[in-house]
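1. kindly generate the corresponding structure for this input.
(chains A and B)
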Amino acid sequence: MVGLSVGEKHFIQGGVAQDLRCDGRKRLTYRPIYLETGVIPQANGSARVRMGATEVIASVKAELGRPTPLQPDKGKVSIYVDCSPTAEPAFEGRGGDELSTELSTALQCCLLGGKSGAGAGIDLSSLIVVEGKICWDLYIDGLVVSSDGNLLDALGAAIKAALSNTGIPKVNVAASASGDEQPEVDVSDEEFLQFDTSGIPVIVTLTKIGRHYVVDATSEEESQMSSAVSISVNRKGHICGLTKRGGAGLDPSIILDMVSVAKHVSEQLLEKLDSEIAAAEADEGES
Amino acid sequence: MEYVSPEGLRLDGRRPMEMRQIRAEIGTIMKADGSAVFEMGNTKVVAAVYGPREVQNRGQQISDKALVRCEYSMANFSTGDRMRKPKGDRRSTEISLVIRQTMEESILTHLMPRSQIDIYVQVLQADGGTRSACINAATLALADAGIPMRDLVTSCSAGYLNSTPLLDLNYVEDSAGGPDVTLGILPKLDKVTLLQMDSKLPIDIFENVMQLATEGCKAVANYIRELLLENTKELEYRRGV
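-> Numbering: from 1, shown residues only, chains lettered A, B, ... in the order given. This next block holds a predicted model:
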């Protein structure tokens, strides 16, 4: 936990009010983002993202499964986040469960769209192999290795990078299956299909401290927040999801203001991430 | 199944007495007091050390020495098949205990009475020998945190398959059902602090296998010592000494 003296608290709040934060950033500047892909060879896709002292790893595993009867033409995606005690001793044992669940739910609502799967960042119908019988189940696992605030944005970025790193094996279906029989499949271990990740949104969290709000808050700044709004925005500038944390009430007009700021910030973030992902992929290809 | 080919090569192309490539990095988690990443081939673990600090739970405080705690956890994606196990299953509790006992023995706990040292190890990739990798990572993290120790503890495993002693088993060799000896030593004092074996082995062969594991531990110790020296030099340089 962050233990701050009265003086430190005032310093943080004063800095935010004057648009000069403790580490020299402005209110709407991110810390430098370091990104690495293909860090977990056993997974179909993986990425590690580091922003300051925050470090998260995301991995994507694909398994063949059965689509639900309600949506026979769609695959399934699930997101789980785990908080490792290496990040914070308080996450020891079951201590991290609460935060893990909060982060998983927030990511699900930001990335996966509604119950029907409409509006999801990932095109669920591209995961189908045989309609009503076989589909790919994507398991996205996030792991918080080191935490220094703004976990949600980092996880969102890591998942986006991991998905662009993901190769889904090509599946050949034996034609003979008929009726209720489960068709036989042959999973290729050479040919892979790449995902279309252009529709996956980025998450921008605006943390309100005093009368102003900041992006990419460190854990010291988060300890001073009154509330935080996480907004996920895709490339087209559409809002894909929104969650609010923290108890303090917000004026509806401030929320609208935050949304437009988030939209503006997300453009730069998306651009930055895209170039980082491309650089990381090139790096991996070389080594 | 054949684990050693007639040419004397193992499944991953190593010789029986050969270790996997080891790589380590110190100070990867900035928030922790000490941290390290340790890789043995495809096995990769992160360790973080917090402390010595005030005891969190007053009831556990020991008046004449430090309290050492350890938690081992595996990431969902660390194994070949994705798993979702609840935290604190029997295996991880057992490994936590093993690591704690091994590390506690080398830490000079009497110098830090009424305080607590937490060691957290997180497996990112599991490919056999996680126990050894965790102990090596924990040693590095403790050294990085500047905690006084008698000696570095280093660990390595060895096995016996197809009538050949093998050093540093990977997952496939580990799950072959043969004997798996995990050894932890204090290299300078030349003492064994951890010894575990499953399955059975004739005594004279056990001696050979243990000798091999000892050699492995010493090789790891050399690497760790070099790395720590290099790290210290860098710290010295940064301070401008």
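2. wasn't A:I255 part of a helix?
-> Yes: counting by DSSP: H, G, I helix; E, B strand; the rest coil, A:I255 is located in a helix.
3. how many other residues sit next to the nearest residue to it once chain neighbours are set aside?
-> Among residues not flanking A:I255 along the chain, A:V229 sits closest, at 6.6 Å (Cβ to Cβ, 6 or more residues apart in numbering or on different chains). No exception for glycine: its C-beta is placed from N, CA and C like everyone else's. As a burial measure, A:V229 scores 21 neighbours (other Cβ atoms under 10 Å in any protein chain shown).
4. contact partners for A:V229?
-> Contacts for A:V229 (Cβ atoms under 8 Å, 6 or more residues apart in numbering or on different chains) come out as A:T205, A:L206, A:K208, A:Y213, A:L242, A:T243, A:K244, A:R245, A:L250, A:I255, A:M258, A:A262.
5. in whatever helix or strand A:G285 lives in, what's buried?
-> A:G285 belongs to helix A:252-286 when assigned by DSSP states H and E. Buried residues in helix A:252-286, counted by 16 or more other Cβ atoms under 10 Å in any protein chain shown: A:254, A:258-259, A:261-262, A:265-266, A:269-270, A:272-274, A:276-277, A:280-281.
6. cool, stretch B:159-176 as well?
-> Those would be B:159-161, B:165-171, B:173-174, B:176, for stretch B:159-176 by 16+ other Cβ under 10 Å.
7. tell me which two of the residues you listed sit farthest apart.
-> Spatially, the most separated pair among the buried residues of stretch B:159-176 is B:P165 and B:Y171, at 18.6 Å (Cβ to Cβ).
8. for chain A, what spans make up the strands?
-> Using DSSP state E, the strands of chain A run over A:33-37, A:45-51, A:54-65, A:76-83, A:128-130, A:134-146, A:167-173, A:185-194, A:202-209, A:212-215, A:227-233, A:239-245.
9. get me the contact residues on chain B for chain A.
-> B:28-32, B:35, B:42, B:46-48, B:50, B:56, B:71, B:73, B:75-80, B:82, B:84, B:87-88, B:118, B:120-122, B:124-125 (Cβ under 8 Å from any Cβ of the partner chain).
10. how close does A:S78 sit to A:L111?
-> Separation of A:S78 from A:L111 (Cβ to Cβ, to the nearest Å) stands at 11 Å.
11. ok, these two, which is more surrounded?
-> Remark: of A:S78 and A:L111, A:L111 carries more neighbours, 25 against 12, as counted by other Cβ under 10 Å.
12. where does that one land on pLDDT?
-> Model confidence at A:L111, expressed as pLDDT, equals 83.
13. which residue, neighbours along the chain excluded, lies closest to it?
-> Nearest one to A:L111, counting by Cβ to Cβ, 6+ apart, is A:G121 at 4.9 Å.
14. in this structure the one you found contacts A:N234, no?
-> Yes: if you go by Cβ atoms under 8 Å, A:G121 and A:N234 touch, sitting 6.8 Å apart.
15. ok, which residues in chain A are in contact with chain B?
-> So chain A meets chain B at A:39-43, A:46, A:52-53, A:55, A:57, A:59, A:61, A:63, A:80, A:82, A:84-89, A:92-94, A:139, A:141, A:143, A:145-148 (Cβ under 8 Å from any Cβ).
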